[in-house]
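A.B. asks: sequence plus the predicted model coming up.
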Amino acid sequence: VLFFYRRILHPLNDLRQLLERLIDETYTPISTDHLDPLLLPVFKSYNEMVTHLSELEEAKRLHAQSLQHEVRLATQALLEQQYSLARAERLAAIGEVAAKLAHEIRNPLAGIQMAFNNLRREIDDQQQCERMGLIDSELKRLARLLNEMLDQSRHAPEEASDFDLAVLARDLLVLTRYQLPDTIQLRSNIDKPLVVHLPESGLRQALLNLLLNAADALEGRSGLVIIYAEQEQKSLKIEIVDNGSGFSEELLTQGIRPFRTERAHGTGLGLAMVQRYVKDLGGSISLANIQPHGAKVILSIPSGVA
């Protein structure tokens, strides 16, 4: 009996305990020393199993670490992209305001200078002429500042390069995915490689703006945002479509204007920035609602396909 207990029952009891510990992902091999030959195949199979499970657990751990690293990289890339986007929006807004102010002030200033010069020629008093000379120099300085302001508001265009729009769209969807709820689906219908010759950074910012705008239009509800792109004769057509509530009639009628927004937390600069990018390329942007509900933004860019 003692022999039976030591060689059979006791090892089996140890095996039972180790099997129960597998639930807690504790993979401990069992000793095969002084084991009855009848049990040796079973115990060897158990040891092979826990070795395999341990290797799988380590592979899972390494895979989880890799995923966490990828998530951190993607999140960092998204944050950097959004920071760049916000900065570009602010610069675009400043440039827009500066250009409008400079343009509106420069025209009446030219009239003031002309009237002042006529008045100056009619005055013979030396002391008054000296004072008017100071005024004239300040008017010229103001005109020069306005011209400099207009020159600075004209941003330097980004150099175009060849890149695959399908890859760019896929990368943007991955980045955008991390900051949207799971109820919002993102999809790209650019199934085949589409190499284009465009300013890549500007297009990336423009499309990111449109994707985030479309997602915001869903207002947290379940919905779908899709990006389409195709070559149409000598132009590239890109569409961002969502099944949200659509654009307001006012926006569709009056068009895109800086600082005008339909969202409480919006800046009114996103669509204006996209419009500026497309117009700088000689293209156009249009807005439309789709039935039964939803909206789409259509970009048409000439000679965009490489």
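C.D. replies: Yep, it's here.

A.B. asks: pretty sure I240 sits in a strand.
C.D. replies: Yes. Counting by DSSP: H, G, I helix; E, B strand; the rest coil, I240 falls inside a strand.

A.B. asks: tell me who's in contact with it.
C.D. replies: By CB atoms under 8 Å, 6 or more residues apart in numbering, I240 lies in contact with 207, 210-211, 213-214, 225-228, 296-297. All C-beta atoms are positioned from the backbone trio N, CA, C, and that covers glycine.

A.B. asks: quick one: it and A288, what's the gap?
C.D. replies: I240 is 11 Å from A288, where distance means CB to CB, to the nearest Å.

A.B. asks: from the contacts of I240, which is closest to L67?
C.D. replies: Nearest to L67 among the contacts of I240: L211, at 23.1 Å, using CB to CB.

A.B. asks: ok, then the element right after the helix or strand where that closest one lies?
C.D. replies: Assigning secondary structure by DSSP states H and E places L211 in helix 200-217. Downstream of helix 200-217, the first helix or strand assigned by DSSP H and E is strand 223-232.

A.B. asks: does P199 touch E158 like I think?
C.D. replies: Yes. In this structure P199 lies within contact range of E158 using CB atoms under 8 Å: 3.7 Å.

A.B. asks: hey, what's in contact with both of I240 and A288?
C.D. replies: K296.

A.B. asks: could you pull out the helices in this protein for me?
C.D. replies: 2-4, 10-21, 40-121, 126-153, 165-177, 200-217, 249-254, 270-280 (DSSP state H).

A.B. asks: could you dump those helices to CSV with mean pLDDT?
C.D. replies: Below are the helices of the chain laid out as CSV (pLDDT from 0 to 100):
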stretch, mean pLDDT
helix 2-4, 55
helix 10-21, 72
helix 40-121, 76
helix 126-153, 77
helix 165-177, 88
helix 200-217, 87
helix 249-254, 84
helix 270-280, 83
